[in-house]
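**Q** Dropping the sequence and predicted coords here.
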Amino acid sequence: MTKNSQSPKDRRFLFILIFCTVSGAILNGSAGWAQTIQCQQSDQATAQCLAKSPVIGAIEGGAMGILAGAGAALGAVGRRYL
């Protein structure tokens, strides 16, 4: 019988880190997409807004969401598990 090399504490932290980063990417990606579409449909749309694709807005939002989610996970469990 082989013993699992990761402790339950490590697996729990890894799960929280992955969950927070994926959640942040999804939430911020969809928010970036919606913000770009809303900006393009507004009466006072700027040239920068009109030139930006909703896909690029979603990618930028998702990237920020990954960083925010990882930071949230580290802040939430960092003191307890690290």
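**A** Now that the structure is in, tell me what you want to look at. Numbering: from 1, shown residues only.

**Q** show me where pLDDT drops low in the chain?
**A** Filtered on pLDDT under 70, the chain yields the residue ranges 1-6, 81-82.

**Q** Which neighbouring elements make contact with the longest helix that it contains?
**A** Of all segments of type helix in the chain, defined using DSSP state H, the longest is helix 8-41. If you count contacts as 3 or more C-beta pairs under 8 Å, 6 or more residues apart in numbering; DSSP states H and E, helix 8-41 packs onto helix 47-51, helix 54-81. Any C-beta I mention is one placed from the backbone N, CA and C, and that applies to glycine too.

**Q** give me the number of residues near the closest residue to residue 73 other than its chain neighbours?
**A** Nearest non-adjacent residue to residue 73, counting by C-beta to C-beta, 6 or more residues apart in numbering: residue 20, 3.8 Å away. Residue neighbour count, defined by other C-beta atoms under 10 Å, stands at 22 for residue 20.

**Q** do the same with residue 67
**A** Residue 67, neighbours per other C-beta under 10 Å, totals 13.

**Q** what does residue 9 give?
**A** 12.

**Q** I'd like the distance between it and residue 73.
**A** From residue 9 across to residue 73, the span is 14 Å (C-beta to C-beta, to the nearest Å).

**Q** contacting residues for residue 28?
**A** 61-62, 64-65, 68 (C-beta atoms under 8 Å, 6 or more residues apart in numbering).

**Q** List the buried residues in stretch 53-64.
**A** 57-58, 60-62, 64 (16 or more other C-beta atoms under 10 Å).

**Q** Contacts for that stretch next, please.
**A** Against stretch 53-64 from outside (C-beta under 8 Å, 6+ apart): 24-26, 28-33, 35-37, 40.
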